[in-house]
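> Mind folding the following:
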Amino acid sequence: MSRSDTFLAAGIFAAGLAIVGGYGLSQSAQAQEAVDGPGPNLVIEVAGAANGTIVIDMLPEVAPLHVAQIATLAREGAYDNVVFHRVIDGFMAQTGDVQNGKAGADLSRAGMGGSNLPNIPAEFTTDLSFQRGVVGMARANDPDSANSQFFIMFAPGTFLDGQYTIVGNVVSGMDVVDAIQRGEPPATPDVMTKVTVQE
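Just a heads-up that it's a prediction; the model follows:
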């Protein structure tokens with residue numbers, strides 16, 4: 001997979017960043033309703049400048065295949081010691097490259113890897129929107145190419161609606177998300193030291 005194929009094309013990023021500036025930072029009523037769902041929760045211990053715990057309420061009723069894959073990888077410990085490798089101010093923080101994104105490794109290919117599990121078919125929805133705190137699944141140009149990487153929105157990005165699978169919402173620790181070091185990759189990336197699933 002080439003760097004140009006990872007996550008979003010540069011043109012979409014440029015357009016999206018321009019759109020983001022026009023939106024407020026509060027969650028929509030739609031996203032808040034999803035936050036009140038039953039879980040399971042993904043619990044991420046973060047070390048670095050952003051030191052603390054992020055809790056994500058996963059949405060199996062919206063994206064059952066994606067949530068199952070994330071939960072499987074978390075239970076296997078695959079996400080442990082993976083960095084936030086792509087962090088764009090005012091947009092999102094991306095992590096989850098279990099192949100090329102381990103702390104202490106060469107991060108030049110971070111964002112181009114996946115896991116030992118197969119890619120997942122798209123589970124797009126128009127019922128939810130990419131708002132602050134929403135968690136989406138990263139993919140290449142092929143809509144069915146999501147695997148292990150995910151991103152957390154700093155701000156609304158409704159231009160992603162219907163193009164990327166929504167897998168959850170941050171219910172605790174947005175202050176930790178906000179403190180994640182920016183960069184592609186950051187000079188000193190923050191690390192998911194431990195990722196667990198709570199039913």
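
> quick one, phi/psi of the residue nearest the centre of the chain?
Against the mean C-alpha coordinate of the chain, by CA atoms, centre = their mean, the closest residue is Phe151 at 1.7 Å. Per-residue torsions, Phe151: phi -140, psi 150 (degrees, to the nearest 10).

> Likewise for Val82?
phi -100, psi 140.

> That one against Asn100, yeah?
No. Taking contacts as CB atoms under 8 Å, Val82 lies outside contact range of Asn100: 9.4 Å. In this view, the C-beta of every residue, glycine as well, is placed from N, C-alpha and C.

> Which one of the two is surrounded by more residues?
Neighbours were counted for Val82 and for Asn100 using other CB atoms under 10 Å; Val82 has more, 27 against 18.

> Spatially, what comes nearest to that one if we skip its sequence neighbours?
Excluding the flanking residues, the one nearest Val82 by CB to CB, 6 or more residues apart in numbering is Gly101, at 4.8 Å.

> what ranges do the strands span in the protein?
Counting by DSSP state E, the chain has these strands, from start to end: 41-47, 52-58, 82-88, 92-95, 134-137, 150-153, 166-172, 191-198.

> Of those strands, give the one that comes closest to Gln181.
strand 82-88 (6.3 Å; CB to CB).

> hey, C-alpha coordinates of the closest one in PDB?
Extracted in PDB, the C-alpha atoms of strand 82-88 (Å, rounded to 0.1, in the frame of the first residue of the first chain):
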ATOM      1  CA  VAL A  82       1.200   1.500  19.400                       C
ATOM      2  CA  VAL A  83       1.700   5.200  18.800                       C
ATOM      3  CA  PHE A  84      -0.600   8.000  17.600                       C
ATOM      4  CA  HIS A  85       1.200   8.400  14.200                       C
ATOM      5  CA  ARG A  86      -0.900  10.900  12.400                       C
ATOM      6  CA  VAL A  87      -2.300  13.800  14.500                       C
ATOM      7  CA  ILE A  88      -3.700  16.900  12.700                       C
END
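
> list the buried ones in it?
For strand 82-88, burial by neighbour count (16 or more other CB atoms under 10 Å) applies to Val82, Val83, Phe84, His85, Arg86, Val87, Ile88.

> beta partners of the spatially closest residue to Ala71 that is not a sequence neighbour?
Using CB to CB, 6+ apart and skipping residues adjacent in sequence, the residue nearest Ala71 is Val197, 4.9 Å away. Beta-bridge pairing for Val197 (DSSP bridges): Leu42.
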